[in-house]
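1. no FASTA, just this:
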Ligand SMILES: Cc1ncc(COP(=O)(O)O)c(C=O)c1O
């Protein structure tokens with residue numbers, strides 16, 4: 001080991017070099033930078049690296065040996081003592097259970113499908129073309145290059161009507177919801193779909209905003225039942241999450257009528273709007289009334305949830321307040337990532353990636369439906385026209401047994417009941433599993449489906465035998 005590798009800082013003060021070296025070595029051992037048993041450099045080389053006398057190093061080592069920090073044996077050099085206490089451990093957390101081998105939890109694309117090459121090419125182009133100013137400012141509104149690219153893309157693909165000024169870049173839908181909750185305040189609750197993402201309900205609650213459930217059926221949320229006193233309604237019009245149907249056109253109109261009447265805001269979570277398989281995408285509701293609806297978009301389903309990039313298309317009246325809520329400086333979304341996404345969109349790479357993901361997901365979805373139809377006929381597969389997940393409707397009373405059997409067979413998945421709003425009234429959705437088919441790597445997908453079929457056969461069979469005995 002060379003002296004430089006120890007990263008010792010003897011400072012420039014006037015104290016003795018010997019004392020400074022002793023202190024620096026003690027610190028390095030205490031902080032764990034020098035682990036027990038580590039061989040220290042010979043006197044001569046550390047002295048040369050630090051620009052001090054050889055004897056100073058020898059004295060310092062001898063002192064630390066005497067104190068018990070180091071050990072020295074003839075012929076084997078000086079080492080960090082084994083018995084030096086390790087730095088205090090962090091808080092003890094219960095060990096997480098090992099992940100199940102087949103990940104069919106809804107929500108994420110296959111991380112192995114991230115388009116590394118095209119993304120790198122976009123990053124290279126973006127960084128080459130970026131003005132110096134891009135590396136000097138932190139604009140909470142978002143890079144203008146990205147906002148322009150989004151206006152073009154969202155108009156073409158989602159029927160969104162907006163301008164660069166009305167787009168605010170953010171760090172995903174979650175961040176957008178936090179910002180909107182802050183801007184709209186806590187006085188009025190939000191209406192949310194009776195089946196929805198618990199995480200989103202939780203973050204509204206964390207911001208002090210109450211939520212009121214609106215029933216969901218095969219035509220999506222019953223928007224005629226949105227309470228007049230709600231400040232906003234959070235909807236998933238393209239693909240109700242998680243039950244899977246598109247919001248019926250009359251229900252869309254109903255949501256906007258409610259907004260006009262009550263002065264409330266429609267918040268459209270367009271989380272997987274591009275990923276539709278059997279016909280043209282259902283356009284965004286926002287395009288029907290850009291002054292009453294906010295569209296939330298994100299690359300979490302199309303590219304990766306790890307990028308933490310999203311956008312809000314806002315009514316003109318809300319832009320300043322939302323930008324102000326982000327603070328004076330952009331807190332999260334890196335300018336280089338924003339520029340890269342702009343280049344990725346502008347070159348057509350995003351369209352190509354979405355097309356290729358659509359093909360891949362459609363194939364997986366078809367395989368899931370075919371395997372289940374052949375092997376577990378008691379299960380109905382629904383909600384499969386779009387997105388990354390399907391709902392497997394189960395016979396009444398079987399959800400818990402199916403989930404337990406899935407875990408026994410190494411399949412991670414979730415039941416529909418876990419998405420239901422705790423205050424939801426009225427008839428519950430039939431029992432079901434929410435099965436994500438996009439996450440497993442290609443080589444594991446067949447085995448994951450086998451395990452799922454075995455689990456369902458076992459889970460449903462257990463109930464049949466229980467009810468027949
Ligand atoms: C219903 C729904 N909306 C939006 C998102 C995207 O959230 P974010 O952009 O915060 O990753 C997700 C999860 O990926 C989701 O399940």
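-> Yes, it's here. Here the structure is a predicted model, which is why all the values come from computation and not from measurement.

2. distance of residue 203 from the ligand?
-> Per Cβ to the nearest ligand atom, to the nearest Å, residue 203 is found 9 Å from the ligand. From N, CA and C alone the C-beta is placed, and that goes for glycine too.

3. Which parts of the chain belong to which domain?
-> For the chain, the structural domains run 17-80, 114-347, 352-464, going by automatic domain parsing.

4. now those as JSON lines including mean neighbour count?
-> Output for those, formatted as JSON lines (neighbours: other Cβ atoms under 10 Å):
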{"stretch": "domain 17-80", "mean neighbour count": "16"}
{"stretch": "domain 114-347", "mean neighbour count": "19"}
{"stretch": "domain 352-464", "mean neighbour count": "18"}
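
5. any chance of those in CSV, plus mean pLDDT?
-> As requested, the domains of the chain are arranged in CSV below (pLDDT from 0 to 100):
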stretch, mean pLDDT
domain 17-80, 90
domain 114-347, 96
domain 352-464, 93
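
6. Would you format the ones you listed as JSON lines with distance to residue 92 included?
-> Output for the domains of the chain, formatted as JSON lines (distance: least, Cβ to Cβ, whole Å):
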{"stretch": "domain 17-80", "distance to residue 92": "18"}
{"stretch": "domain 114-347", "distance to residue 92": "25"}
{"stretch": "domain 352-464", "distance to residue 92": "25"}
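
7. Quick one, which of those gets closest to residue 95.
-> Distance to residue 95, taken as Cβ to Cβ, is lowest for domain 352-464 among the domains of the chain, at 17.2 Å.

8. Contact residues of the stretch 1-150 of the chain facing the ligand?
-> Neighbours of the ligand within the stretch 1-150 of the chain, by Cβ under 6 Å from any ligand atom: residue 107.

9. can you pull out the strands in the stretch 1-150 of the chain?
-> Along the stretch 1-150 of the chain, the segments classed as strands by DSSP state E, counting those that start in this stretch run 70-73, 77-80, 102-103.

10. Looking at these, spot the one closest to residue 123.
-> Closest to residue 123 of the strands of the stretch 1-150 of the chain is strand 102-103 (Cβ to Cβ; 28.1 Å).

11. Out of the domains of the chain, the one nearest residue 94 is which?
-> Using Cβ to Cβ, these put domain 352-464 closest to residue 94, at 18.0 Å.

12. quick one: residue 246 and residue 409, what's the gap?
-> 33 Å (Cβ to Cβ, to the nearest Å).

13. Between the domains of the chain, which one is closest to residue 100.
-> So among the domains of the chain, domain 352-464 is nearest, using Cβ to Cβ, at 4.1 Å.

14. Report whether the closest one contacts the ligand.
-> No - residues of domain 352-464 are not located near the ligand by Cβ under 6 Å from any ligand atom, the shortest gap being 9.0 Å.

15. tell me the contacts of residue 210?
-> 186, 189, 190, 204 (Cβ atoms under 8 Å, 6 or more residues apart in numbering).

16. Sitting in strands, which of those residues do you find?
-> Counting by DSSP state E, the contacts of residue 210 place residue 190 in strands.
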